[in-house]
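>>> Give me coordinates for this.
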Amino acid sequence: MAGSLTAVHYWCADYMRNALEIEDQKLIFISYTIVCMIGPLLGMFLISFINYFFGSYESENAPLILFFLQLIGGIFGIFSVLMNNLFSFCFCLMVCLIFNISATTFIQGAILLSVGIELTGMANSIANLTQIIFVSGPSPVLYGAINDFFYPKGMKKIGMLSIMIIYFFASFLSFIHYLILKNKNNDENIVKKVEICEKSDSFNLDNKLNENNDIKNDEHNKSKDS
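Numbers count the residues shown, from 1 in each chain. Got it, this is the predicted structure:
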């Protein structure tokens, strides 16, 4: 659901102008440009740092890392709506975008590593197309529809707040994915341990049978000699 923040990119300037009541269009332009440039750039550095120190997309903790990236981004996204001045709003939104772009890059990397090299282009295209159709495309429309309905009632922030809440709760899908994989890995480990024990028991049994046969052969040879 990282693509849901497409609505934020689309409506951010309108939000600054109407919800925060900033009249200086130059200030809005500069603030929006700084947030949208620095946020994704720092997000790329963050995901590189995480991949280096905490494991890549293929590690068993990958879904948990993704969950925390989306969770922290969602928390700061909600905080940004609670702010009433431009600086605080831009700071919280920038942190939200940092973790959002990190989560998006993490998801794309996991998708590409889940298929063969010859299918990476198709996998990336299908993933982006799915996100555009079901998330990135509808999210600005949803924001606008909610805002049009509640704005005349004086609720100027409800559109932005709705998108941020959706993004926040969507992060728990990654946590559910982590729990499913963890249970699956535990079951696989139990099966492997059982197989190892069975092989070990079978090996010990064969050794005992061989020892018994050796003893019988020795006794038989001694009886012949006597």
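>>> Could you find the closest non-adjacent residue to the residue sitting nearest the centre point of the chain?
By Cα atoms, centre = their mean, the chain has its centre lying nearest to residue 66, at 2.8 Å. Using Cβ to Cβ, 6 or more residues apart in numbering and skipping residues adjacent in sequence, the residue nearest residue 66 is residue 174, 4.5 Å away. All C-beta spots, glycine's among them, are computed from the backbone N, C-alpha and C.
>>> give me the element the residue nearest to the centre of the chain is part of.
helix 62-82 (DSSP states H and E).
>>> which intervals of the protein have sub-threshold pLDDT?
Confidence mapping of the chain against pLDDT under 70 gives the ranges 1-4, 56, 185-226.
>>> The residue nearest to residue 66: what's it in contact with?
The neighbourhood of residue 174, defined by Cβ atoms under 8 Å, 6 or more residues apart in numbering, consists of 63-64, 66-67, 70.
>>> And the buried ones among these, selectable in ChimeraX?
Burial among those is assessed by 16 or more other Cβ atoms under 10 Å; the matching ChimeraX selection reads:
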select :63,64,66,67,70
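>>> burial measure for residue 37, as a count.
A count of nearby residues for residue 37, using other Cβ atoms under 10 Å, gives 12.
>>> list the buried ones in the helix or strand harbouring it?
Residue 37 is part of helix 25-54, with elements assigned from DSSP H and E. Buried residues in helix 25-54, defined by neighbour count with 16+ other Cβ under 10 Å: 28, 31-32, 35-36, 39-40, 42-43, 46-47, 50-51.
>>> Check the offset of it from the chain's centre.
18 Å (Cα atoms, centre = their mean, to the nearest Å).
>>> Return the residues in contact with residue 98.
39-40, 42-43, 46, 73.
>>> Could you rerun that using 7 Å?
Taking Cβ atoms under 7 Å, 6 or more residues apart in numbering as the criterion, residue 98 is in contact with 39, 42-43, 46.
>>> Sort out which one of the residues you listed lies nearest residue 146 for me.
Proximity of the contacts of residue 98 to residue 146, judged by Cβ to Cβ, is greatest for residue 39, which lies at 23.4 Å.
>>> ok, which stretches of the protein are helices?
In order along the chain, the chain carries the following helices (DSSP state H): 6-18, 25-54, 62-82, 86-113, 120-131, 138-150, 158-225.
>>> Could I get the contacting residues of residue 76?
So residue 76 contacts 92, 95-96 (Cβ under 7 Å, 6+ apart).
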